[in-house]
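Student: Generate coordinates for the sequence data below:
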Amino acid sequence: MSTFAFPPSIKSRPVYGTLEPQAGAAHMFIVDGEGANAVLDLAQRAPSMMQLAHIVYITRGTDFAAALKALNPAQFYQGPTYGAALPRIRRSLADAKMGLQVYLAGTEGLMGQAMNEAVIAGIPHTAIQTEHRGATARRMQCVHCKGITEDVETDPFVCSHCGLNLFVRDHYSRRIAAFQGVCIDAEDPGNVPVQKGIYE
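Tutor: Sure, this is the predicted structure:
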């Protein structure tokens, strides 16, 4: 799926919009998977901004590299994972000058982690544009062992670190860019509901 209407939730849960062209000295796009389509859509509306654009594209099983390169951005990087792209993202944000516009698109895990890096670099989170595209899987932190499990699609799920059965909560930590999971059978071990999709 390319877009998804998230149901209403608690205040800490991120809300995503649609990328809009902004005036700026430079434009940094950090996208994964189908998030590339958000950049392609934006470039149709404002093609001239690509001359000042740095696109960091994490493939995530997709192949939009040729289409993104055809936009003729000032800089282009393609990587297999967020971890592989992280040194480049950090260096680009550290070297950024006043007037940089930051755009994030793709999965919640990518946007949360990239926003955290931008905030650490001094860009207020309210000045960073986001657009969800692609998978609705969540990046989850176990509140018990603090381990992170990527791409969680079911509720409950088993922590990949400590093995506890965790309830998928909407509570989101911007600091660690993850939703929180809490043990679902702490008071009655083994009494675990049937798994279902997070948004079922």
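Student: low-scoring pLDDT stretches of this protein, where are they?
Tutor: 1-2 (pLDDT under 70).
Student: Domains of it: list them as residue ranges, please.
Tutor: Split into domains by automatic domain parsing, the chain comes to 26-132, 138-197.
Student: what would the ones you listed look like in a markdown table with mean neighbour count?
Tutor: (Each C-beta comes from the backbone N, C-alpha and C, glycine too.) Formatted as a markdown table, these follow (neighbours: other CB atoms under 10 Å):
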| stretch | mean neighbour count |
| --- | --- |
| domain 26-132 | 18 |
| domain 138-197 | 16 |
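Student: Serialize the ones you listed to a markdown table and add fields for distance to Glu20.
Tutor: Shown next, in a markdown table, are the domains of the chain (distance: least, CB to CB, whole Å):
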| stretch | distance to Glu20 |
| --- | --- |
| domain 26-132 | 7 |
| domain 138-197 | 22 |
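Student: between those, which one is nearest to Pro7?
Tutor: Taking CB to CB, domain 138-197 is the member of the domains of the chain nearest to Pro7, at 9.2 Å.
Student: That closest one: how far from the chain's middle?
Tutor: 18 Å (CA atoms, centre = their mean, to the nearest Å).
Student: so Gly61, which of the three states?
Tutor: coil (DSSP: H, G, I helix; E, B strand; the rest coil).
Student: Pull the contacting residues for it.
Tutor: Gly33 (CB atoms under 8 Å, 6 or more residues apart in numbering).
Student: That one and Arg91: what is the separation?
Tutor: For Gly61, the distance to Arg91 (CB to CB, to the nearest Å) stands at 26 Å.
Student: same question, Pro47
Tutor: Counting by CB to CB - Pro47 and Arg91 are separated by 27 Å.
Student: now swap in Gln129 and tell me
Tutor: Applying CB to CB to Gln129 and Arg91 gives a distance of 21 Å.
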